[in-house]
Structures are given as structure tokens and as C-alpha cells.
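[1] The sequence isn't on hand, but the structure is:
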């Protein structure tokens, strides 16, 4: 586990201490929880972005099958 040093304004630290105490946690634990959540969200976003690119790469037929304006409005003559 790595240690980090963070500088925050006094009022922010005070509010964080109060929030941590209300949750029966330390400020360090709150920061750790936040960073873990942030990393998981980034990981999930990356996973979904990769999946999107894979799906888009498989879609090759749509652009080739588009009808021209004339083909759309062409009507059979009876």
C-alpha cells in the first residue's frame, strides 16, 4: 500500500473529519474509499468503451446498404 500526502484547506479538512466521524471512519479511510471507487469507475468505463469499439467494428453492413435519395423515391410504374 502506498502513502500519499494531500494538502487541503483547513475548512475542508474540518468538514472531512466531521464526515468521517459521522461514519465511524478515519479521513484516510474516506479518501481510500473515494480513490478505490474512482479507479473502479475508470476501469468500468474503459471496459465499456472497449466493448463499444468491438461492437462498432463488427457493424460493417449499414453504410454499404444505404439507399440513395433516388432509390428511396423510386416508385414502380404500373
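    Everything's here; your move. Bear in mind that the values here come from a model prediction, so they are computed numbers and not experimental data. Numbering: from 1, shown residues only.
[2] Now do the same contact list for residue 33.
    When contacts are counted by C-beta atoms under 8 Å, 6 or more residues apart in numbering, residue 33 touches residue 25. (C-beta placed from N, C-alpha, C; glycine too.)
[3] can we see that at 10 Å?
    Contacts for residue 33 (C-beta atoms under 10 Å, 6 or more residues apart in numbering) come out as 23, 25.
[4] Please report the distance of residue 21 from residue 11.
    16 Å (C-beta to C-beta, to the nearest Å).
[5] Which one's more surrounded, the two?
    For residue 21 versus residue 11, neighbours defined as other C-beta atoms under 10 Å are more numerous around residue 21 (11 against 8).
[6] Mind listing what's buried along the helix or strand containing residue 40?
    Using DSSP states H and E, residue 40 maps to helix 27-58. By neighbour count on 16 or more other C-beta atoms under 10 Å, the buried set for helix 27-58 is residue 27.
[7] Stretch 9-28 now?
    16, 20, 27.
[8] Residue 56: which of those residues is nearest?
    Residue 56 lies nearest to residue 16 out of those, by C-beta to C-beta, at 42.1 Å.
[9] Which residue is the nearest non-sequential neighbour of the closest one?
    Distance criterion C-beta to C-beta, 6 or more residues apart in numbering; nearest residue to residue 16, sequence neighbours excluded, is residue 27 at 5.0 Å.
[10] so who does the one you found touch?
    Contacts of residue 27 were listed using C-beta under 10 Å, 6+ apart, and they are 6, 8, 13, 16, 17, 18, 19, 20, 21.
[11] Tabulate those (TSV), appending distance to residue 53, pLDDT and secondary structure.
    Formatted as TSV, the contacts of residue 27 follow (distance: C-beta to C-beta, whole Å; pLDDT from 0 to 100; DSSP: H, G, I helix; E, B strand; the rest coil):
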residue	distance to residue 53	pLDDT	secondary structure
6	35	93	coil
8	38	96	coil
13	42	96	helix
16	38	96	helix
17	44	97	helix
18	44	97	helix
19	39	96	helix
20	40	97	helix
21	45	97	helix
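[12] thought residue 28 was touching residue 5?
    No. Assessed by C-beta atoms under 10 Å, residue 28 is found out of contact with residue 5, at 11.3 Å.
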